[in-house]
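Next one to model:
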Amino acid sequence: MCENGINTENILQNGKWERLGFGAKVFVTREHRFNTDTILLSHFASPNKNDVCADFGTGCGTIPLIWKGKYNPKKIYAVEVQSQAQLQAEISFKECGFDIELIKGDIRDYKKLFPEQNLDLIACNPPYKAQGAGIKNEDTKMTIARHEELLTMEELAESARFCLKFGGNLCICQRPERLTDAMNIMRKYDLEPKVLRLVQGRSDKAPSLFLLKCRRGGKPGLQILPTLILEENGEVSKEMIEIYGDYKNY
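Below is the predicted model:
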């Protein structure tokens, strides 16, 4: 069976299931999978029960699956432009029996995708490399995931500014070298940085990631949370065990 040039049977043969806990599991492949950053972002964003939320660039659908299983917000949209990732997300949502609406489209078409501007929360694990930075992967799917080929940080901010309600939040994770870019761009689009958390592999290492929450129309004032340490004394840190506590595949 082929859909949009994607061989479903081949994907099913070459992929595998990863358990997420909370009654959820996700179908992953080499091209579209999740990592620790994905888990940290889903936890950092943590929607409320009455939230209408969206994951921009959902990939195989990991964040919406965790949100549905753990938090069960009012409504979840999963937005993805790549055909294979769309298929993987569809397979996972159906297998789990979760009511998650997959939107097959480009985030830059935000006025078409979310004309009602009704979102309380957006999460996005955007490409880490700026346009023109770093060595590109020969695999187009990998390049799109890692480089700003289809979505720049400014385009993300512009999209989020339109789609969020006043007071709604955008949560992202990014590399520390992009922090200044993120702060400046978000403020340009009336997305005030409100909560920042750095992530370090070990206490003696420099931060490798930051998590940032920005509020549409928010007042100035940034809360900096304690740094999240992933490993302590060669073992998984207590906080990471708490975050991963219900996950079966850690």
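
neighbours around Lys205, how many?
The criterion is other C-beta atoms under 10 Å. On that basis, Lys205 has 11 neighbouring residues. Backbone N, C-alpha and C define where each C-beta goes, glycine included.

what's the following helix or strand after the helix or strand of the chain with the lowest mean pLDDT?
Every helix and strand in the chain was compared by mean pLDDT, DSSP states H and E; the lowest is helix 140-146, with a mean of 47. Toward the C-terminal end, the helix or strand that comes next after helix 140-146 (DSSP states H and E) is helix 153-163.

so what does that following helix touch, helix or strand wise?
If contacts are counted by 3 or more C-beta pairs under 8 Å, 6 or more residues apart in numbering; DSSP states H and E, helix 153-163 sits against strand 52-56, helix 110-113, strand 119-124, strand 164-174, helix 179-188, strand 191-200, strand 209-216.

tell me what the lengthiest helix in the chain is packed against?
Of all segments of type helix in the chain, defined using DSSP state H, the longest is helix 83-96. Under the contact definition 3+ C-beta pairs under 8 Å, 6+ apart, helix 83-96 sits against strand 6-7, helix 8-14, strand 24-28, helix 62-66, strand 75-80, strand 101-104.

what pLDDT, on average, does the first one get?
Read that as strand 6-7. For strand 6-7, mean pLDDT rounds to 74.

Then the third one?
Along strand 24-28, the predicted confidence averages to a pLDDT of 96.

again with the fifth one
Throughout strand 75-80, pLDDT has a mean value of 98.

tilt between that strand and strand 119-124?
30 degrees (axes from the mean of the first three to the mean of the last three C-alpha atoms, to 10 degrees).

what's in contact with strand 75-80?
47, 51-59, 61, 63-64, 67-68, 86, 89, 93, 99-105, 107, 113-114, 119 (C-beta atoms under 8 Å, 6 or more residues apart in numbering).

again, only this time at 6 Å
For strand 75-80, contacts defined as C-beta atoms under 6 Å, 6 or more residues apart in numbering pick out 52-56, 58, 61, 64, 67-68, 86, 89, 100-103, 107.

Pairing partners for that strand, with directions?
strand 52-56 (parallel), strand 101-104 (parallel) (DSSP bridges).

Check which residues of the longest helix of the chain are buried.
84-93, 96 (16 or more other C-beta atoms under 10 Å).

Just give me the neighbour total for Ile39.
19.

which SS class is it?
helix (DSSP: H, G, I helix; E, B strand; the rest coil).

same deal with the one 10 residues further on?
Three states are possible here, and by three-state DSSP the one that applies to Lys49 is coil.

On the pLDDT front, check it for me.
Note for Lys49: predicted pLDDT of 97.

Count the residues that sit near it.
So Lys49, with other C-beta under 10 Å, has 8 neighbours.

Look up phi and psi at it.
With angles defined as degrees, to the nearest 10, Lys49 shows backbone torsions of phi -60, psi -40.

Could you report the distance from it to Lys70?
Lys49 is 12 Å from Lys70, where distance means C-beta to C-beta, to the nearest Å.
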